[in-house]
Structures are given as C-alpha cells and as structure tokens.
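In: Pasted the sequence and its predicted model underneath.
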Amino acid sequence: MDPVRQIAQAVLYEGYLLWPYRESSLKNRHRWTIGGVHPEAYGRAHDGNPWLMRTECLLEAGPRDVVEVSVRFLHVVTRLRAGQPEATGEEAQEREVSLPGLVLEDLMHGPVIEKIDIPARDRSPEGGWRELCGRIEASARRLRPDLFRITVEVVNTTPWPGGGREEAMRRTLVSAHTVLRAPQARFVSLMDPPEDLRAEAAGCDNAGVWPVLAGPEGDRHTVLAAPIILYDHPRISPESPGDLFDATEIDQLLTLSVLALSDREREEIRHGDPRARAILERCDSLTPDELMRLHGIMRRTEPHE
C-alpha cells in the first residue's frame, strides 16, 4: 500500500474500537472521539465540538503548479440485523471527497468549493446512515514570489434536529483529515521550518488538525493534516501485522491481550463489528515467528558516521 495511504488509514481508524474490542466494554460505549467535524448548529450549542476544520501549510511553488486535495472521514452506520427492529450497534463507512488539479494561480483569485452531499439511507441489510452536508473550500495566498500559503477548510452544514451526542455523531465527519499533494512543488515542514521561513510557518492557522510532511523520508510533495499529533514522515512499523486502532499502544501488548480474551468475549466480538472480528481472526492466525517479530527490534536513528 502507498505509505501515505497507510498512515492515513491508521489516522482514520485511530480509536475506532479499543481493546478488548467488545462493544459492550465501557471504553467502547463512548465512540467516535477523534477528529470530529460536527454539525454547525450542534457545535455552536456545545463547546468543544468543532464544526470547522482548517488546514494551512506552506508550499514552495510557481503560480501554475497544481495541488490535489483529498478530505477523508468516517460516516457512522447504524447496524441492523434481520428480524430485529432496533439497531444492534454502530460501524462506519469510509468517505473521501477530492479536489484534483487545483492551479495555485486560480486559488489566489478565490476559493474553489466542493460540496459534501451524502443522502441518508434509512434501512438496508448493510445498515443505515444519516445524511451529511458540508463544503470544502481550498484557497491560496502568495507570500513570496515562490512561496504560497494553502488553506483548506471543511465545514459541516448538516441540519441538526436536536438530540444528544449519539444523534450528533451520526451527522459528524469522524476522524476527518486532509491530504494535499503537489507533484511539481515542495511543501515546507511546519514542525521544523527553515530559518528564513519560520515567521511564515508560525503564521499558519490550523484548527483541529496539524499538518506534517508525509511519504518517504525527505519527500516534500505530500502533506497529511491529521487530528492527532504526528511527526514529519510518520511510518507504520514493517513488523506490524495489521491495524489495532490504537497507535499509542504497541502491537505486541495488544496482540497478546487479544489472545488472552475469554471465550465469552470472543463470541461477542464475532457477532459485532466486522473490523473487530478481523482483528480477532488475524491475531489468532499469527505464527510463532510473526509473534516473535513483535517482541522488539533495534533500529539506528542516526546516519552512520
């Protein structure tokens, strides 16, 4: 998988379900806690629930260079079972809205706007979801002859009929993040900008996300603006056999914990979220050699002298 996509997927599912991966566990009864862009009316009525996400970053480029923008998020799905009138749980559908081929010179004259418009689906064997409405605005400002500040704003305008957090989260862009690509230009690290660009980097106003350089070490063609703090060029460990939805833990600890689940807990997971079921099946199928690879490894972090 593309290394940027691999990291973006880890961001998308961070905290999706946490060990012990049972939906009945206390920590999994309060889901969708990371990177939410909530309905504007709900956000204005409830402090700490933003309805706008803004990414600002610096790009060394010419006016005819092109930027590609992708906004990705999860859409909460209400799970239904045949013959059961009430929802039996929640899962999520991946969503992505892209703005390809944005020419910087055009972005300087006004924002390019792309709508988010996902109609509701009431009931089906695959579950139902609420409608989602919003917009993505991309613009650029020229700071120097060869330096631009790119701004991408995501606003959730989904109507909110009232109700509690559960209803609001079904109308929220969950784990929302933005990926920007500039094949012919180079982004500037906001974490460690060059001395002569520190003032411009400090002037970037990000809300709800923090942009870092993504892709192979040294590559500056891609930025990932994530709702969790990352460093430039984040990577997934090659020893990791798959996502466990908790990047703050370590794979070995979580894998051994999954293997220690009781028969009753395993049965609940098998009848719950399919992504949790996949984790259980993957951990059960690991070979002794694959488990040993999780035990630890020493890597040189400084170049050889």
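Out: Arrived safely, thanks for sending. Please read these numbers as outputs of a predicted model, since none were measured by experiment.

In: Could you export the helix or strand in which residue 180 is found as PDB, CA atoms only?
Out: Taking DSSP states H and E as the criterion, residue 180 maps to strand 174-181. The C-alpha trace of strand 174-181 is given here as PDB (Å, rounded to 0.1, in the frame of the first residue of the first chain):
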ATOM      1  CA  VAL A 174     -15.500  11.400  12.200                       C
ATOM      2  CA  SER A 175     -11.600  11.100  12.100                       C
ATOM      3  CA  ALA A 176     -11.600  13.800   9.500                       C
ATOM      4  CA  HIS A 177      -8.200  14.600   7.900                       C
ATOM      5  CA  THR A 178      -6.800  16.200   4.800                       C
ATOM      6  CA  VAL A 179      -4.200  15.000   2.300                       C
ATOM      7  CA  LEU A 180      -2.500  17.600   0.000                       C
ATOM      8  CA  ARG A 181      -0.300  16.600  -2.900                       C
END
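
In: how close does the closest residue in space to residue 118 that isn't next to it in sequence get to residue 105?
Out: The shortest distance from residue 118 to any non-neighbouring residue, by C-beta to C-beta, 6 or more residues apart in numbering, is to residue 132 (4.3 Å). C-beta coordinates here come from the backbone N, C-alpha and C atoms, glycine included. Per C-beta to C-beta, to the nearest Å, residue 132 is found 32 Å from residue 105.

In: Same question for residue 279.
Out: 47 Å.

In: Of these two, which one has the most company?
Out: Legend: neighbour count by other C-beta atoms under 10 Å for residue 279 and residue 105, higher for residue 279 (21 against 13).

In: ok, the more buried one - contacts?
Out: Contact partners of residue 279, counting by C-beta atoms under 8 Å, 6 or more residues apart in numbering, are 21, 242-245, 258.

In: Quick one: mean pLDDT for the helix or strand harbouring it?
Out: In this assignment (DSSP H and E), residue 279 forms part of helix 274-285. Across helix 274-285, pLDDT averages out at 94.

In: next SSE after that helix?
Out: helix 288-293.

In: Spit out the contact partners of the residue nearest to residue 118.
Out: By C-beta under 8 Å, 6+ apart, the neighbours of residue 132 are 75, 95, 116-118, 156, 158, 171, 173.

In: Take those and lay them out in TSV including neighbour count.
Out: Below are the contacts of residue 132 laid out as TSV (neighbours: other C-beta atoms under 10 Å):
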residue	neighbour count
75	19
95	17
116	20
117	11
118	17
156	27
158	24
171	25
173	28
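
In: just checking, which of these belong to helices?
Out: Assigned to helices by DSSP state H, none of these qualify.

In: Using CSV, lay out those residues together with distance to residue 237 and pLDDT.
Out: CSV is the format used below for these (distance: C-beta to C-beta, whole Å; pLDDT from 0 to 100):
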residue, distance to residue 237, pLDDT
75, 29, 97
95, 27, 97
116, 33, 98
117, 38, 97
118, 34, 97
156, 34, 98
158, 37, 98
171, 35, 97
173, 28, 98
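
In: Just the closest of those residues to residue 6, please.
Out: residue 95 (18.5 Å; C-beta to C-beta).

In: contacting residues for that closest one?
Out: Residue 95 neighbours (C-beta under 8 Å, 6+ apart): 72-75, 118, 132, 173.

In: What of residue 203?
Out: So residue 203 contacts residue 149 (C-beta under 8 Å, 6+ apart).

In: Check residue 29 too.
Out: For residue 29, the contact set (C-beta under 8 Å, 6+ apart) comprises residue 23.

In: Residue 90 versus that one, what's the distance?
Out: Between residue 29 and residue 90 the computed distance is 11 Å (C-beta to C-beta).

In: Run the chain-centre distance for the strand holding residue 180.
Out: Centre-to-centre, strand 174-181 and its host chain are 6 Å apart (C-alpha atoms, centre = their mean, to the nearest Å).

In: what comes up buried for it?
Out: The neighbour-count check on strand 174-181 (16 or more other C-beta atoms under 10 Å) flags 174-181 as buried.

In: related to what we said a few turns ago, looking at the contacts of residue 279, state which has the most neighbours.
Out: Neighbour counts for the contacts of residue 279 (other C-beta under 10 Å) peak at residue 21, which has 28 neighbours.

In: sec struct for that one, please.
Out: coil (DSSP: H, G, I helix; E, B strand; the rest coil).

In: from memory it sits against residue 269, does it?
Out: Yes - the criterion here is C-beta atoms under 8 Å, and residue 21 meets it with residue 269 at 5.5 Å.
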